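Engineer: below: sequence and its predicted model.
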Amino acid sequence: MFQKAKQFLREVKIEMKKVTWPTKKETVATTSVVLLTVFIIAFFLGLVDFILSKGIGSLIK
């Protein structure tokens, strides 16, 4: 059991060396794009929700 665990961790170490990690600049840029996209979609959905709730509210009255 311990041999299998050691082998697994050895293989993980080898695979982690193959990973291409992003630079700080790339990470900041992609995070900014994701946050901007989330805020735009949240604003759009909030606006649609507001318009639909006002429209349905006026139909019910």
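Structural biologist: It's in.

Engineer: from here on, just use CA atoms for contacts and neighbour counts.
Structural biologist: Will do.

Engineer: what is the distance between the helix or strand containing Leu35 and the centre of its chain?
Structural biologist: Using DSSP states H and E, Leu35 maps to helix 24-60. From the chain centre to the centre of helix 24-60 is a distance of 15 Å (CA atoms, centre = their mean, to the nearest Å).

Engineer: quick one: Lys18 from Phe8, how far?
Structural biologist: 16 Å (CA to CA, to the nearest Å).

Engineer: what's the answer for Val34, then?
Structural biologist: Using CA to CA, one gets 34 Å for the distance from Val34 to Phe8.

Engineer: sorry, back to before: ok, Lys18 and Phe8, which is more surrounded?
Structural biologist: It is Phe8, of Lys18 and Phe8, that has more neighbours when counted by other CA atoms under 10 Å, with 12 against 8.

Engineer: regarding the more buried one, what is its secondary structure?
Structural biologist: helix (DSSP: H, G, I helix; E, B strand; the rest coil).

Engineer: likewise Thr20?
Structural biologist: Of the three states, Thr20 takes coil according to three-state DSSP.

Engineer: quick check: the gap between it and Lys54.
Structural biologist: To Lys54, Thr20 is 50 Å away according to CA to CA.
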